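> based on what follows, work out the 3D shape:
(one chain, ligands or ions: 2)
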Amino acid sequence: MSSLAPLPLSTQVTVLRGLGPARAAALQEAGIHTLGDLLMHLPYRYVDRGSIVPLGELEMRGFEPGLEDREIITVLGQVHDVRQTLTRIQRMALTEVLLNDGTGTLKLVFFNQPYLGRSLKIGDRLLAFGPLLEGRHGSEMRGPQIEMMGRAGNGNSKGDGGEIWVRRFLPLYRKMGPISSLVRKKLVEEALLRAHPPEEWLPPELCKHLPDTLSALRLLHQPPDESDGRLLNLRETPAHERLAMEELFAFALGVELRRAGRMKRRGMVVRTTPDLRERLKSFLPFHLTAAQRKAFKEIVDDLTSGHVMHRLLQGDVGSGKTLVAFLSMAMVAETGGQGVLLAPTEVLARQHASTFQRLLGDEAHRLQLLLGPMKAAEKREAMARIASGEARYLVGTHALFQEAVKFSDLRLVVVDEQHRFGVKQREALKQKSGDPHWLVMSATPIPRSLALSLFGDLDQSVLDELPPGRQPVSTRLLDTDSSERAWTLIEKELRSGRQAFVVSPAIDPTDETKVKLRDIQAMESLIRARFPGLDLEVVHGRLKPDDMAARMNRFVRGDAKLLLATTVIEVGVDVPNATVMVVDHAERFGLSQLHQLRGRVGRGVDHSFFMMISGVETERLHALVETQDGFKIAQKDLEIRGPGEFFGTRQAGLPQFQVADLVRDRKLLQNCREAAAKAVAEGLNEAQKDWLQREQERLKLAEVS
Ligand code: ADP
Ligand code: MG
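Ligands and ions are numbered 1, 2, ... in the order given. Next up, the predicted model:
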């Protein structure tokens, strides 16, 4: 019996008796190593026995259009017949399964899953859920999700659905290799039986109203009959909150510890003098906005403080982040150090370099551009100028760090970011060049609450004001039939000497969407036919960098009148004479991305226009017509797409939460941050240290900024 002594959650899953080598390997592959890992993977759904509809009742109800439409129905029955055919038109595999539960039958229809026809046997017991639709011979369920409840021939009493489903709620788990939902349920049962409760490690103010860890896990893997099924499926029970709180508190602690560590490091002090102030002022082509002045003051305070600056500079498109970045770089460059600006693309790096060149005037020889594909001799010369300290304003892409660049005295790194610069990269840089200050400019405005949580160890400056004289960009949403209005507008603007953008979505030829898409070639033909003799440039991601830059430059100089592009133009181009942008298939873009695109027009004094062509998703796109506030648009975008998509999943280095959700749980996170600051200030206890270490690994927190 000693093997059944209570086990800590950190015990390896291999102690479980139901686990052979194949299953252990599958768990391993899914990142499940310990009992705790196993238990933190919650059911993806709970089926309430009471919600199962008898098939006879379905037959009687028949199909009521409107009412049944899209409603998800759960049924349970035995496979009566399996038939494999091809669809008539697209020759797709079609599997039809007849389900019978003793009261009636229902047809389940599966597309493109030919293996089902081979694996399902007459007599199998299946749980199925999906929408009920009107088929040619009465109602049917199309593309349902299914769970195998018992194999044919096993009899009803031998470990099949009848035995496993003893409570009101049946938890369903994602299948992992050879581990079916029902096998997982048994592993989880054993783990729950043998695990002993961990020591409480959350501060009391966070968890006093919540169940303890082990109780929460029990409530979620074996919901008692009196549970609220709706809240379970929404993942909003107190038990969920408990587990989310643990993840968020671990995250907040990690961030807080890093921040505390940074505050202990000695930063390079940049001294300001009246001379320096005068000098910086002499570079400025216009008065700073109040927001720019405030942000710059915050940066100056950091640079002179003796701490290492880690600051996030946020602002809507066109709010003038570049100028603030430039001034910060000038602070260090004009006091003898070096500052580097990293851009996400070469187009943007070149543009920043030419902006800086203009601002620097006579001092332009202090600037050095460094790009990956520069010629060897040119690159050598650039590196020599950087190493000698002759060049102090450095601009480039991330290549700047991949190459064997030696800095003479690097004091500030500005990241104009598309994707986040990982902790590892920052560490590498610290090794290489002392401990420079960091200024991160976010390309997309991030709702403040989320920025606080995501960039928790960065201080924030927000540019919440646009430079004077900006007019709102007139924004329209056109359905495909009225797209002629867009071309008429372009014609009018071109005739009065302005320039125009047309944006086509980048289309992957293997993309299988239902909507027929017009690609950039088709758009080019359309434009050439509509505007014969027009000087047009076309740019897209597959061009060589030199070619791309040359084409862009023709547009920037005003030689080309219309630029047809995929989203490569999103981040950079500043062409004040461009007054109209038309985006085709606007539904293919995120709201923030569209807002970012819109920011390419309305940069001059003339009234500008932004036209979206789209036949679908008009409600979502309408948000752009309604507001020009990038923060509001970002909030909406985030709610619709979730943080993963919003930030571009993996690159973003978001923590890998199982239960917590950064958008939904932002209030919880706020509480956790406050509690974490307090806990770090007071010193962590042993339970917290242990636990934190495990969570850091599980949630991959170490890679989050
Ligand atoms: P973003 O924040 O999108 O990077 P930019 O830095 O590109 O914005 O600035 C947008 C435009 O506003 C540029 O053309 C820039 O020259 C101009 N600009 C920036 N600051 C000011 C200011 N204080 N007054 C007037 N124009 C400004
Ligand atoms: Mg910018």
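
> C-alpha from now on. contacts and neighbour counts both.
Noted.

> write out the residues of this structure neighbouring ligand 1.
286-289, 315, 317-323, 467 (Cα under 6 Å from any ligand atom).

> Ala506 and Asp584 touch, don't they?
No - judged on Cα atoms under 8 Å, Ala506 makes no contact with Asp584 at a distance of 10.6 Å.

> please say which of these two ends up with more neighbours.
The residue with more neighbours, out of Ala506 and Asp584 and counting by other Cα atoms under 10 Å, is Asp584; that gives 24 against 16.

> pLDDT wise, what is that one at?
Asp584 is assigned a pLDDT of 94 by the prediction.

> hmm, back to that, of the residues of the chain next to ligand 1 - the most surrounded one?
Gly315 (25 neighbours).

> which residues touch that residue?
Taking Cα atoms under 8 Å, 6 or more residues apart in numbering, we find Gly315 in contact with Lys321, Ser442, Thr444, Pro445, Val462, Leu463, Asp464.

> that older thread, and the residues of the chain next to ligand 1 as CSV, adding pLDDT?
Shown next, in CSV, are the residues of the chain next to ligand 1 (pLDDT from 0 to 100):
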residue, pLDDT
Phe286, 88
His287, 93
Leu288, 95
Thr289, 95
Gly315, 89
Val317, 83
Gly318, 84
Ser319, 89
Gly320, 91
Lys321, 93
Thr322, 93
Leu323, 95
Pro467, 88
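
> between those residues, which is nearest Phe555?
Gly318 (19.4 Å; Cα to Cα).

> my guess is the closest one contacts Pro468, does it?
No - look at Gly318 against Pro468 with Cα under 8 Å: they stay out of range, at 10.9 Å.

> which non-adjacent residue is nearest Phe169?
Using Cα to Cα, 6 or more residues apart in numbering and skipping the chain neighbours, the partner closest in space to Phe169 is Asp48 (4.7 Å).

> so the residue in the stretch 151-300 of the chain positioned nearest to ligand 1 versus Pro576, what's the distance?
Nearest residue of the stretch 151-300 of the chain to ligand 1, counting by Cα to the nearest ligand atom: Leu288, 3.7 Å away. From Leu288 across to Pro576, the span is 19 Å (Cα to Cα, to the nearest Å).

> for Ile613, give its distance to Arg476.
According to Cα to Cα, Ile613 and Arg476 sit 9 Å apart.

> pull out the buried residues from the helix or strand containing Ser525.
Secondary structure assignment for Ser525, by DSSP states H and E: helix 520-530. Residues Ile520, Met523, Glu524, Ile527 are the ones in helix 520-530 that count as buried (16 or more other Cα atoms under 10 Å).

> model confidence score at the last one, please.
Among the per-residue scores, Ile527 shows a pLDDT of 95.

> what segments of the stretch 301-450 of the chain are strands?
Assigned by DSSP state E, counting those that start in this stretch, the strands in the stretch 301-450 of the chain fall at 310-315, 338-342, 367-370, 393-396, 410-417, 437-442.

> follow-up on the earlier one: now, which of the contacts of Gly315 sits nearest Phe356?
Nearest to Phe356 among the contacts of Gly315, counting by Cα to Cα, is Lys321 at 12.9 Å.

> look up how far Ser461 lies from the nearest residue to that closest one once chain neighbours are set aside.
In space, and not counting its chain neighbours, Lys321 is closest to Gly315: 6.9 Å by Cα to Cα, 6+ apart. Using Cα to Cα, Gly315 is found at 8 Å from Ser461.

> what does Lys121 give?
The gap separating Lys121 from Ser461 is 63 Å, by Cα to Cα.

> repeat for Pro114
Counting by Cα to Cα, the separation of Pro114 from Ser461 is 55 Å.

> neighbour count winner among these two?
Ser461 (20 against 16).

> got phi/psi on the more buried one?
Listed backbone geometry of Ser461 is phi -120, psi 140, with angles given as degrees, to the nearest 10.

> picking that back up, in space, what's closest to the residue of the stretch 151-300 of the chain closest to ligand 1 - neighbours in sequence excluded?
Pro467 (8.0 Å).

> and the one you found, which of the three is it?
Secondary structure assignment for Pro467 (DSSP: H, G, I helix; E, B strand; the rest coil): coil.

> quick one: it and Thr289 touch, right?
Yes - in this structure, Pro467 is within contact of Thr289 by Cα under 8 Å, at 6.0 Å.
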